[in-house]
Structures are given as structure tokens and as C-alpha cells.
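Asks: My questions concern the predicted model and sequence given below.
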Number of protein chains: 2
Amino acid sequence: MSQIPLARRSPIPPENCNLARAIELIGDRWTLLILRAALYGVRRFDDFQSELKCPRTVLSGRLKILVDAGLLTKRTYKVPGKRARPEYVLSAMGISLRPILIGLTQWGDVWLGQGEPAPISFTKAGSKGAIRAAFVDADGREVRPDQIRAVLRG
Amino acid sequence: MSQIPLARRSPIPPENCNLARAIELIGDRWTLLILRAALYGVRRFDDFQSELKCPRTVLSGRLKILVDAGLLTKRTYKVPGKRARPEYVLSAMGISLRPILIGLTQWGDVWLGQGEPAPISFTKAGSKGAIRAAFVDADGREVRPDQIRAVLRG
DNA sequence: CCGTATCCACTCGGATACTG
DNA sequence: CAGTATCCGAGTGGATACGG
């Protein structure tokens, strides 16, 4: 079943692991749902709230965390003749999570899809075939999962 | 900053979204840390516990969820002359999360690495160059993030 | 070892209401 | 709209102890 060799501990202590740090930061139900919505273009407080149906206090807190961490930028935008409004936009740091959430979407399509076809799929601009998450080498060529080796530094 | 067009709602309601389902299932600090450890080869209750330093009750609960969901398989293995022991091994469903967690690792290396070089990197068996999580088309050729387009079904 | 059982303090999520 | 202020109950995290 598992080709992963038995280990008593992970090779990197969680306190010093960037994966663990990422999990501490965004590994949270509401936070991830906020990022999901943001990647779909949602930007405003009440839009997030009606999308997530979470307590406003919780939403407020999570948005603060994401702004502080640099994933979201809080800025004000103004439509002429209307009152200025704050909005939360993804920064480059936030946008770079997109491939990961797309990967998770496709994982969900496979394992949690309840037999129904995926409601959303992803293609390369100008093409029609589906794309998928994978590993590539420096030349952009795919590396099969069983070919992957982890290398510790030092 | 954000090329993502403004939206009031996400195109797919969360109740019907496989990404949202995935988030409900594994979008949790302890759950993700368990999966992280499991992908590094940890299999036993006490090893998880000393790795995560979480309450044993919490660990027990999370493991049950992951087993029920099919991400982990609880099985018994026996070393001759020793007492049989249960262990939690990743199923195919669990292993297929690996690209996603490696992608998140590399995201963390870039944005949360505090300037230090990545403590762990990934290569192709027999080669030396680093590999990275990315998207590929049907031919196994990389698709750059800005080339990705979402397509709704129907 | 592998858990389950408690106890406690605390945060979180849920609901509602109230202001700039 | 965009939040902050409460209140409340449930679940979680933390520590410790105890049985298979």
C-alpha cells in the first residue's frame, strides 16, 4: 500500500519546517474558505460573509490574520459618486497559492466527487485539454510520483 | 495587483464544491500536521503524538476521521517475537495528497522561509536538479500559472 | 506501547444587536 | 456596507492518570 518507509520522526522538526509554518498560517477551515473565495474574485466583507456563512467576528479576525501575513492586501477603492469602500485583494503571496488550491480541487474531484463530474475544470489558455497538478524538472518536463526523492540539506 | 476579476459570489456554491469538501475534511491544523508526518513515514500513535505534541484525545479523534474518510488505513503488523501493533498507513487517497503538500512546502520555502535556504528539496531519482510542483497538460508539459483557465461545466 | 477517561480553562463558532 | 460588541454553549487544547 504505502511505499513510504517507516519513520519514527519526520526528518525535519515541525518548528523548523516551512510546511508546518504554512499549515499554522493557513491550515484552518475558515482561512482556507476565505482564500478559496478570494481566488474566485470575492473581495468585500459582506460578500465573504454571505459566501461563507461564518460569524462576522470570525471573518473579521481571519481577514486581519491574512492581511498581517501578507496574503491579502486591504485597500480602498472608490467608484465615482459612491462612497469609498475597503476591499481585500490577494497579493502575489496569496495568488501563488492558486496552484495548490487547484490541486486540492482536483484531488476533491477524484476522491470526494460522489461520482458526479467535476463542476469546474482547468485548461491551458487557448487549448482545450484538461491540465493537472504534477511535478516537473528544471526543464518543465513531468516527473512521475514514484521518481520523486526528498533531499535534506546539509 | 490582482488580475482576478471582482465577483460577488464564487461561481460554485460551497455546498457543491469539491474544494470546499476537501477543506472541510482536511482543512484543520492537526489533521494537516498528521498528514505531513504520515507522508514522512510516521505510522504509530505515539510517534505521531511526540511529533505533533497534541493531546492524545485529539490525535485519537483525528486519526479516526482520517481512517473513516479513507485517507489512512489502520492495520496491524507483527514483527516476529514481538507483540502485534496497529499502524496508520496512507492509502492511495492519502498518498495522492503528496503533490499538494509538497507544493505547500515549496510555497512556504518562498514566503515563510525567513531568508534561510529550504531545509528539504525534491529531485528526480538519478538526477540532481530540483523539481517543483506545477501543472502539466495532457502531454506532460508544464503550464505556467498565468496560462491556467477555469472552465465551468454546462 | 496504544489508546480511553477525566478535569479544566479557554477559545471558537453561532446568533444577535448596535454603530460609523 | 463594514465592522465591533456581547452572550452563550460546545468543542478543543492541555495535563494527567489509568486500563488493554
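Replies: Perfect, thanks for sending it.

Asks: got the residues of chain A near DNA strand D?
Replies: For chain A, the residues in contact with DNA strand D (C-beta under 7 Å from any atom of the strand) are A:44-47, A:55-57, A:60, A:85-87. Glycine gets a C-beta too; all of them are placed from N, C-alpha and C.

Asks: List just the nearest of those residues to DNA strand C.
Replies: A:Pro55 (3.7 Å; C-beta to the nearest atom of the strand).

Asks: Can you read off the pLDDT for the closest one?
Replies: Looking at A:Pro55, its pLDDT is 91.

Asks: The one 4 residues further on now?
Replies: We have a pLDDT of 93 for A:Leu59.

Asks: thinking again about what came up before, counting only helices, which of the residues of chain A next to DNA strand D make the cut?
Replies: A:45-47, A:56-57, A:60 (DSSP state H).

Asks: Could you pick out the buried ones from those?
Replies: Buried members of these, counted by 16 or more other C-beta atoms under 10 Å in any protein chain shown: A:45, A:47.

Asks: which ones among the ones in helices among the residues of chain A next to DNA strand D come in contact with chain B?
Replies: A:Asp47 (C-beta under 8 Å from any C-beta of the partner chain).

Asks: Can you narrow the residues of chain A next to DNA strand D down to the ones near DNA strand C?
Replies: A:55-57.

Asks: Pull the most distant pair out of the residues of chain A next to DNA strand D.
Replies: Across the residues of chain A next to DNA strand D, the longest distance by C-beta to C-beta is 21.5 Å; it joins A:Pro55 and A:Arg85.

Asks: Is any residue of the one helix or strand A:Ala38 maps to near DNA strand C?
Replies: Following DSSP states H and E, one finds A:Ala38 within helix A:29-39. Yes: counting by C-beta under 7 Å from any atom of the strand, DNA strand C has neighbours in helix A:29-39: A:29-30.

Asks: Give the other helices and strands that that helix contacts.
Replies: Contact here means 3 or more C-beta pairs under 8 Å, 6 or more residues apart in numbering or on different chains; DSSP states H and E; on that basis helix A:29-39 packs against helix A:18-26, helix A:45-52, helix A:56-69, strand A:85-90, helix A:92-95, helix A:98-111, helix B:18-26.
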